[in-house]
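Engineer: Model the structure of this input:
(one chain, ligands or ions: 2)
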Amino acid sequence: MKEKVVVTGAAGFIGSHLCERLLDEGHEVLGVDSFTDYYSPERKRLHLAACIARPGFTLAEGDLTTCDIARLIKGARGVFHLAAQAGVRRSWGKEFALYIESNILATQRLLEALKDLPGVPLVHSSSSSVYGETRTLPMREDHPKVPLSPYGATKLSAEHLCELYRLNYGVKYRALRYFTVYGPRQRPDMAFSRFITAGFAAGAIEIYGNGKQTRDFTYVTDAVEANVRAYRYDGPHTVFNIGGGSRVSILDVLGVMERELGSRLDLRFGERAKGDVTDTWADTELARDALGFAPRVDLSEGIRREIAWYREYLGTAEGRRCHHD
Ligand code: NAD
Ligand code: UGA
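Structural biologist: Ligands and ions are numbered 1, 2, ... in the order given. Next comes the predicted model:
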């Protein structure tokens, strides 16, 4: 019999890829999403179109801060929690309320439901933003966590909640700290999306700061692979860095994009963004040893695939209509 698994944030960038992979593995997938308007909900429906056409996939539209989660996860063999209010730079000011609700309250409600399902694993999507500006690179799981953005503070709170439900109720969780994920369907607010679409339109690219900040960019199918491996994992570790092994500066990324797009990009240097850490770099030894995780897609190949996806997506009237940040 097929195993039922639940994916929250199923219509998002990473969640939609994960649903496809879980269907490929023969699971029955219940995708949950509230289609927030952080970016176009119509675009999120396009993300899910391939899944919806497949037997074994069911979509439950619902907000995790209010819906009956126990009913949704009943009979599930595992839960992948990706739903969140993402985005580092927009987490200041009045927007913070959304981050508290979707990153902290939603996770707490999910954990409350999971405490009554002993042994059902939770694969939780965390973030490199929990570290903040670290003194030592690469970042290791046990390094100090001092988030620099309100977003990072909510993602760290969610990890703390997972741990306290494990300690008090035995909830079996694995938290994956992804490092800046990219690839087809990347969120429109993220750097690669903005750079590629500006490149297509011969528009200006705004670089926040001097462009020397570095990220350990992770291709989306590598992040998905980590989820599948974490689901199967039955060892003692709970938190894993998931990095792509392609740590480069923003200026280097733009060099690769110019080569791949075959045109010069119009770069403008602006203010450094508040909450933006200078460097990220994942130590992935634990993920390698415990999960057998190794990133497969390098930066040039990954950028080529994201460019190809945007070309196709923006080549359709529907894609052009949905594309806004
Ligand atoms: P995304 O915005 O594309 O996907 C998140 C999805 O969650 C959206 O479809 C949204 O509608 C849904 N959602 C939000 N709040 C909800 C709620 N209360 N109830 C139900 N659904 C809700 O983001 P993404 O980039 O795919 O990120 C997925 C996860 O990975 C998030 O937890 C994010 O914090 C984490 N993460 C992402 C990156 C990255 O580089 N993209 C890096 C580190 C961590
Ligand atoms: C990304 C995700 O957006 C977060 O949800 C996630 O939690 C985080 O990764 C993580 O690793 O934990 P970020 O690294 O800011 O956050 O990703 P991008 O939006 O792709 O930005 C990368 C860099 O490019 C940042 O330094 C940013 O300031 C810069 N940037 C972005 C620009 O210079 N110009 C832009 O137009 C956009």
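
Engineer: quick one: is stretch 59-73 near ligand 1?
Structural biologist: Yes: interface with ligand 1: stretch 59-73 contributes Asp63, Leu64, Thr65 (Cβ under 6 Å from any ligand atom). Where C-beta positions appear, they are placed from N, C-alpha and C, glycine not excepted.

Engineer: Export those residues to JSON lines and append columns for pLDDT.
Structural biologist: Formatted as JSON lines, those follow (pLDDT from 0 to 100):
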{"residue": "Asp63", "pLDDT": "98"}
{"residue": "Leu64", "pLDDT": "98"}
{"residue": "Thr65", "pLDDT": "98"}
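
Engineer: out of those residues, who has the most neighbours?
Structural biologist: Each of the residues of stretch 59-73 next to ligand 1 was scored by neighbour count (other Cβ atoms under 10 Å); the top score is that of Leu64, with 24 neighbours.

Engineer: The stretch 51-200 of the chain: helices as residue ranges?
Structural biologist: Using DSSP state H, counting those that start in this stretch, the helices assigned to the stretch 51-200 of the chain run over residues 69-73, 96-99, 106-114, 150-169, 191-200.

Engineer: Backbone dihedrals for the closest residue to ligand 1 within the stretch 201-325 of the chain, both of them.
Structural biologist: In the stretch 201-325 of the chain, no residue comes nearer to ligand 1 than Thr218, which is 7.3 Å away by Cβ to the nearest ligand atom. With angles defined as degrees, to the nearest 10, Thr218 shows backbone torsions of phi -120, psi 130.

Engineer: That one contacts Phe179, doesn't it?
Structural biologist: Yes: the pair Thr218 and Phe179 qualifies as a contact (Cβ atoms under 8 Å) at a distance of 5.2 Å.

Engineer: any shared contact partners between those two?
Structural biologist: Residues touching both Thr218 and Phe179 comprise Ile242, Gly243, Gly244, Ala282, with contact defined as Cβ atoms under 8 Å, 6 or more residues apart in numbering.

Engineer: sorry, back to before: not including adjacent chain positions, what is the nearest residue to the residue of the stretch 201-325 of the chain closest to ligand 1?
Structural biologist: Counting by Cβ to Cβ, 6 or more residues apart in numbering, Thr218 lies nearest to Gly244, which is 3.5 Å off, once chain neighbours are set aside.

Engineer: ok but that neighbour is inside a helix, no?
Structural biologist: No: residue assignment for Gly244, taken from DSSP: H, G, I helix; E, B strand; the rest coil, gives coil, which places it outside any helix.

Engineer: Wait, it touches Asp222, no?
Structural biologist: Yes: at 5.9 Å, Gly244 counts as touching Asp222 under the criterion of Cβ under 8 Å.

Engineer: Name the residue in those two with the higher neighbour count.
Structural biologist: Neighbours per residue (other Cβ under 10 Å) separate Gly244 from Asp222, with Gly244 holding more: 28 against 22.

Engineer: For burial, what's the neighbour tally of the closest residue to ligand 2 within the stretch 201-325 of the chain?
Structural biologist: Of all residues in the stretch 201-325 of the chain, the one sitting closest to ligand 2 is Tyr208 (3.7 Å; Cβ to the nearest ligand atom). As a burial measure, Tyr208 scores 16 neighbours (other Cβ under 10 Å).

Engineer: Same question for Phe35.
Structural biologist: Other residues near Phe35 come to 18 when the count uses other Cβ under 10 Å.

Engineer: give me every residue that touches it.
Structural biologist: Shown here is Phe35, whose contacts under the criterion Cβ under 8 Å, 6+ apart are Ala11, Pro41, Lys44, Arg45, Glu61.

Engineer: and if you look at Leu267?
Structural biologist: Taking Cβ under 8 Å, 6+ apart as the test, what Leu267 contacts is Ala204, Ile205, Ile207, Gly211, Leu254.

Engineer: ok, so of the residues you listed, who is nearest Gly183?
Structural biologist: Nearest to Gly183, judged by Cβ to Cβ, of the contacts of Leu267 is Leu254 at 17.5 Å.

Engineer: In the stretch 1-150 of the chain, where is pLDDT below threshold?
Structural biologist: 1 (pLDDT under 70).

Engineer: Nearest to ligand 2: which residue in it?
Structural biologist: Closest approach of the stretch 1-150 of the chain to ligand 2 (Cβ to the nearest ligand atom) occurs at Ser127, with a separation of 3.3 Å.
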